[in-house]
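# okay, here's the prediction I keep looking at, along with the sequence it came from:
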Amino acid sequence: MKTFPPERIVCLTEETVETIYLLGEEDRIVGVSGYAVRPARVRREKPRVSAFTSADIPKILALEPDLVLTFSDLQADIAAELIRAGIAVVAYNQRDIAGILAMIRHLGATIGQAAKADAMASHYEERLAEVAARAEGQPRPVVYFEEWDDPLISGIKWVSELIEVAGGREAFPKQAEIGGARDRIVSSDEVIAAAPEVIIASWCGKKVRPEKIAARSGWDTIPAVRDGRIVEIKSPLILQPGPAALTDGLDAILAALKHDQKVFT
């Protein structure tokens, strides 16, 4: 970094954008991912410089950033190109709730707001504990979270953990431990055998079609399909490992698990 705390930051994924806005340091952001939608005003205020696995490197360099924030191995090539161009890059790789909280604290410290970030993370920890405590002793419906429909990809760990916090039971706990989406592919027969009582779907970049899920061969025997409990959660709420998942994402899971909830007929 040329300066500390950095004055010109480019965020190539949405969770770091939201975190910096929540910390009140949005004036430091000079460029964002095209997927950044939280808060809504970010789309009016900040230039978009990347998708997820691709980025406009000349546009980023023209912004003269002190720091670029990236996420996961899927942005490794972007990070490498920026590093070769002499740009400071921080690459996060949080895949669970603990990692999300650590990212918030680390990013806060990086931009000179360590105390505020720690307070934010502590607040989320307290809320998670309160929600989990309310779920203790209650019936725990089996939940299948579908991250993609072709092939079928089950939920990543932070989603699985939030399902458990909310009072559900993850249908595919072993797959949830695996970071890579390709390694979380499940078969239609496996989902049928798991007999989920609730299906939550979030397909990044496209609208979930509950009627198509219900129409899959053999899925009429699944309790969630039989009872009309197929719920979409918009991907910005649950598929970004940051504040959204711990707040509105968790609330959406809680709503989906309500025992009287029937959302698809």
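All right, it came through fine.

# next one: the longest helix seen in the chain to chain centre, how far?
Longest helix in the chain by number of residues (criterion: DSSP state H): helix 114-135. Averaging C-alpha positions (CA atoms, centre = their mean, to the nearest Å) puts helix 114-135 17 Å from its chain's average.

# now swap in stretch 131-144 and tell me
Centre to centre, stretch against its chain (CA atoms, centre = their mean), the figure for stretch 131-144 is 21 Å.

# what about this structure, any weak spots by pLDDT?
259-265 (pLDDT under 70).

# let's see 80
Within the chain, the stretches with pLDDT under 80 are 1-2, 179, 259-265.

# looking at it, which strand is longest?
Longest strand of the chain, by residue count under DSSP state E: strand 142-149.

# mind exporting it as PDB, just the C-alpha atoms?
Taking Å, rounded to 0.1, in the frame of the first residue of the first chain, the C-alpha atoms of strand 142-149 are listed here in PDB:
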ATOM      1  CA  VAL A 142     -33.900 -31.200   6.900                       C
ATOM      2  CA  VAL A 143     -33.000 -28.500   4.500                       C
ATOM      3  CA  TYR A 144     -31.500 -28.900   1.000                       C
ATOM      4  CA  PHE A 145     -29.900 -25.700  -0.200                       C
ATOM      5  CA  GLU A 146     -29.400 -25.500  -4.000                       C
ATOM      6  CA  GLU A 147     -26.600 -23.200  -5.100                       C
ATOM      7  CA  TRP A 148     -27.000 -24.100  -8.800                       C
ATOM      8  CA  ASP A 149     -29.400 -26.200 -10.800                       C
END
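
# tell me which strands and helices that strand is in contact with?
strand 152-154, helix 157-166, strand 169-170, helix 188-194, strand 198-201, helix 210-214 (3 or more CB pairs under 8 Å, 6 or more residues apart in numbering; DSSP states H and E). Glycine gets a C-beta too; all of them are placed from N, C-alpha and C.

# how about the strands in the stretch 1-150 of the chain?
9-11, 29-33, 48-50, 67-71, 89-92, 142-149 (DSSP state E, counting those that start in this stretch).

# in the chain, which residue is closest to the centre?
Gln240 (2.2 Å; CA atoms, centre = their mean).

# contacts only, for that residue.
Going by CB atoms under 8 Å, 6 or more residues apart in numbering, Gln240 touches 13-15, 18, 35.

# redo that, cut-off 10 Å
Under the criterion of CB atoms under 10 Å, 6 or more residues apart in numbering, the neighbours of Gln240 are 13-18, 33, 35-38, 71, 100, 158, 204, 249.

# repeat for Asp189
Contacts of Asp189 (CB under 10 Å, 6+ apart): 217-218.

# relative to Asp150, how far out is it?
Distance of Asp189 to Asp150, given as CB to CB, to the nearest Å: 16 Å.

# got the contact list for the nearest residue to Leu23 once chain neighbours are set aside?
Nearest non-adjacent residue to Leu23, counting by CB to CB, 6 or more residues apart in numbering: Gln113, 4.8 Å away. Going by CB under 10 Å, 6+ apart, Gln113 touches 5, 19-20, 22-25, 107, 119-120.

# I'd like the distance between Gln113 and Met120.
9 Å.

# now, the most widely separated pair of the contacts of Gln113?
Pro5 and Ala119 (17.4 Å; CB to CB).

# and these two? which has more neighbours close in?
Between Pro5 and Ala119, counted using other CB atoms under 10 Å, the more crowded position is Pro5 (16 against 13).

# my read: that one touches Ala117, true?
No - Pro5 lies out of contact with Ala117 (CB atoms under 10 Å); the separation is 11.9 Å.

# what is in contact with the two at once?
Shared contacts of Pro5 and Ala117, counting by CB under 10 Å, 6+ apart, come down to 25, 108-111.

# now those as a markdown table including neighbour count?
Below are these laid out as a markdown table (neighbours: other CB atoms under 10 Å):
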| residue | neighbour count |
| --- | --- |
| Glu25 | 20 |
| Gly108 | 24 |
| Ala109 | 14 |
| Thr110 | 20 |
| Ile111 | 23 |
